[in-house]
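Trainee: Next come a sequence and a model predicted from it.
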Amino acid sequence: MTTSTTFPATARRSPGRAGVLLGVLAVIIAACSGGATATPGGVASTAPATPGAPATPSPTLAAPVELTVGLGYIPSVQFAPFYLADQAGYYRDAGLEVTFENKLDPDLITLVGQGAIDVGIADGTSVIPAVSQGIPVRYVFTVYADFPSIVFAKASSGIRTAADLKGRKVGIPGMFGSSWIQLQALLAGAGLTTDDVDIVPFPKYGQLAALEQGVVDAATGFVNNEPVTMELAGTPAVVLALPADAQLPGNGLIVGRAALDGPKADAIRGFVAATRKAMEEIAADPEKGLDAAIARVPELGTDRAAQLAVLQATIDTWQNDYTAVNGIGAVDAAAWERSIAFMSGLPDSPVAKPVTVAECIDATFGAP
């Protein structure tokens, strides 16, 4: 059945028992005798102490590995771990030079599969259809351990469970994507189908305004977006989320299949470890993540309280019972197997051809 909560936007779980990864900092010490001169790349070489003595060859630092990382369409506080890992030097310490690009989810999957982008963030319910269509990507690290797509309503609506949606008007951008998959899974848990509700499409994502104006009774959205906005505006919200035993795979890091064994494989592992470290730090201290996001996107600083509420709701999705045992970022293969089966059995299924969990994920690549 569904999980129904009256939404306090700032509610948080206590951090799971995620293993903290310690970065290794290589320290190069110049010899005490003689003067040091700069060499290309910034490595110090030591002048010979004795005139005429042969110079000792200086060590050469390897050039950082360049990684292009695709995030979501709009720079946002939800990407705080990536911003913090970059600003705090965690990527640099891993020998990386990271460039961020913002792209639409379907575009990211294609670009990662082509190798045009090294790492991307994508929704698991988008990865499954893409892999079934032959796009060679693997999901290697979970960011949203709890599926962020939800159905929300005003607390005054009387809606408390998915069963209460029967006969109600539900606003949705369209019959596609993660919101559509989540709605069908939510209704199925209550023994309902989309035929039992009145679907009202809002192609330009106006379902929040429609709900506020009473045009619809409930709407699809994201747990760290619309319900937070409603709460901040003074309207108590009810959130209908998938229960633990029906979770779909949320957004996470994807890598091209060829890259898993390619020359950048170790660099990508370093990127994953550095990102996990930033997530753990932000889960313990959300203000640190907020500061990093504002440093990257200054306009977010115009309303710190609102952005902090969004970030705290985001942090809550990073952690669940599975990550409490296996660590932040762990990939739950059982959830993927369940999701593939559910999506494959839907009317007008987006899964073009049969696909296995092993074709979609690499649960060991980003393991703690």
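Mentor: Ah, there it is. This structure is a prediction, so every number in the text was calculated from the model and none was measured. Residues are numbered from 1 along each chain as shown.

Trainee: Please parse the protein into its domains.
Mentor: The chain breaks down into these domains under automatic domain parsing: 65-146+248-360, 148-241.

Trainee: Would you map the strands across the stretch 1-150 of the chain?
Mentor: 3-6, 36-38, 44-46, 65-71, 96-102, 119-123, 137-142, 149-154 (DSSP state E, counting those that start in this stretch).

Trainee: one step back: quick one: which of the domains of the chain is nearest Pro368?
Mentor: Checking these against Pro368 by CB to CB gives domain 65-146+248-360 as the closest, at 3.9 Å. C-beta here means a position set from N, CA and C on the backbone, and glycine is covered the same way.

Trainee: and the closest one, how far apart are its ends?
Mentor: Terminal residues of domain 65-146+248-360 are spaced 26 Å apart (CA to CA, to the nearest Å).

Trainee: which residues touch Ala246?
Mentor: Ala185, Gly189, Arg338 (CB atoms under 8 Å, 6 or more residues apart in numbering).

Trainee: what is the rounded mean pLDDT of stretch 326-339?
Mentor: Averaged over stretch 326-339, pLDDT sits at 96.

Trainee: The chain should start at 82 in everything you say after this.
Mentor: Renumbered: residue one is now 82, and that last one reads stretch 407-420.

Trainee: list the buried ones in that stretch?
Mentor: Neighbour-count burial for stretch 407-420 flags Asn407, Gly408, Ile409, Gly410, Ala411, Val412, Asp413, Ala416, Trp417, Arg419, Ser420 (criterion: 16 or more other CB atoms under 10 Å).

Trainee: One more: stretch 258-275?
Mentor: In stretch 258-275, counting by 16+ other CB under 10 Å, buried: 258-271, 273, 275.

Trainee: The domains of the chain into a markdown table, with extra columns for distance to Ala448?
Mentor: Output for the domains of the chain, formatted as a markdown table (distance: least, CB to CB, whole Å):
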| stretch | distance to Ala448 |
| --- | --- |
| domain 146-227+329-441 | 7 |
| domain 229-322 | 23 |
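
Trainee: returning to what we had before: go through the contacts of Ala327 and say which is closest to Pro282.
Mentor: Ala266 (18.9 Å).

Trainee: Which residues are in contact with the closest one?
Mentor: Leu323, Ala327, Leu329, Phe423.

Trainee: Compare the residues you listed and tell me which has the most neighbours.
Mentor: Neighbour counts for those peak at Leu329, which has 24 neighbours (criterion: other CB atoms under 10 Å).

Trainee: show me the contacts for it.
Mentor: Contacts of Leu329 by CB under 8 Å, 6+ apart are Gly205, Thr206, Phe228, Ser230, Ser259, Ile262, Gln263, Ala266, Leu323, Ala416, Ser420, Phe423.

Trainee: Next step: those restricted to helices.
Mentor: Gly205, Thr206, Ser259, Ile262, Gln263, Ala266, Ala416, Ser420, Phe423 (DSSP state H).

Trainee: and which of the residues you listed is nearest Gln159?
Mentor: Ser259 (14.6 Å).

Trainee: What distance do you get for that closest one to Met360?
Mentor: Going from Ser259 to Met360 by CB to CB, to the nearest Å gives 21 Å.

Trainee: Now do the contacts for the residue most central in space within the chain.
Mentor: Nearest residue to the geometric centre of the chain (CA atoms, centre = their mean): Val224, 3.7 Å. Val224 makes contacts with Pro162, Ile202, Gly331, Asn332, Gly333, Leu334, Met360, Trp399, Gly410, as judged by CB under 8 Å, 6+ apart.

Trainee: quick one: the strands in the stretch 282-431 of the chain?
Mentor: Secondary structure of the stretch 282-431 of the chain (DSSP E, counting those that start in this stretch): strands located at 299-303, 318-322, 332-337.

Trainee: now those strands in JSON lines, with distance to Arg173, mean neighbour count and mean pLDDT?
Mentor: Listed next are these as JSON lines, based on distance: least, CB to CB, whole Å; neighbours: other CB atoms under 10 Å; pLDDT from 0 to 100:
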{"stretch": "strand 299-303", "distance to Arg173": "32", "mean neighbour count": "26", "mean pLDDT": "98"}
{"stretch": "strand 318-322", "distance to Arg173": "37", "mean neighbour count": "24", "mean pLDDT": "98"}
{"stretch": "strand 332-337", "distance to Arg173": "19", "mean neighbour count": "27", "mean pLDDT": "97"}
